[in-house]
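> okay, sequence plus prediction incoming.
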Amino acid sequence: MRPGIALIGLLVCLLSGIWIVCPGLPARAATTERIVVNRFSGVAIEGFDPVAYFVDGTAVQGTAEFEANLWAAVWRFRNEGNRASFLAHPEVYGPQFGGYDPVDIARGVTIAGNPRFFAIAAQRLYLFSREANRDAFAANPERFLYEVGKRWPALQDKLSQ
């Protein structure tokens with residue numbers, strides 16, 4: 001798509017206030033919820049399969065065929081086995097801190113993690129808002145988790161129920 005046409009489409013969507021009829025534009029993740037979800041669809045972590053990070057070691061898109069509703073969010077999986085594993089142990093497979101970036105939480109702010117930037121540390125999934133945050137966390141997860149432990153309860157209280 002040409003940049004000029006994309007800009008016109010964006011302006012039409014903004015002025016009309018109707019994002020649902022503008023499927024070519026990505027929806028922003030909500031950053032006021034306990035779990036990072038798409039504010040229009042309710043889908044968590046952009047529809048990526050949280051179990052696949054552990055099983056495949058990579059971000060894998062889930063499908064609407066294999067969905068689960070938990071924690072006021074819709075979770076998608078690539079197969080029934082991953083769905084069943086998640087439902088049996090959501091505390092293990094779900095992203096820590098509701099999908100918010102732990103490096104940013106350590107700084108005192110809640111910024112939605114990008115499911116393409118992830119790390120698994122101590123058998124838990126962490127999502128990061130940018131690659132540099134993931135790399136910093138990977139170099140010293142204990143340092144960041146210590147800071148997060150001090151800040152997360154107050155930040156979490158500010159998020160919607």
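On my side now, so go ahead.
> distance of residue 107 from residue 148?
Going from residue 107 to residue 148 by Cβ to Cβ, to the nearest Å gives 10 Å. For every residue, glycine as well, the C-beta is placed using N, CA and C.
> make that residue 92, sorry
Residue 92 is 18 Å from residue 148, by Cβ to Cβ.
> quick one, which of those two is more surrounded?
Between residue 92 and residue 148, counted using other Cβ atoms under 10 Å, residue 148 has the larger neighbour count: 24 against 14.
> how about that one, phi and psi?
In terms of degrees, to the nearest 10, the main-chain angles of residue 148 are phi -60, psi -40.
> my read: it touches residue 97, true?
Yes. Using Cβ atoms under 8 Å, residue 148 is in contact with residue 97, at 6.9 Å.
> would you confirm that residue 48 contacts residue 61?
Yes. With contact defined as Cβ under 8 Å, residue 48 counts as touching residue 61 (5.9 Å).
> shared neighbours of the two, anything?
residue 76 (Cβ atoms under 8 Å, 6 or more residues apart in numbering).
> neighbour-wise, which of the two wins?
A direct count of neighbours by other Cβ under 10 Å for residue 48 and residue 61 places residue 48 higher, at 25 against 13.
> and the more buried one, what does it touch?
Counted by Cβ under 8 Å, 6+ apart, residue 48 has contacts 59-62, 76, 115.
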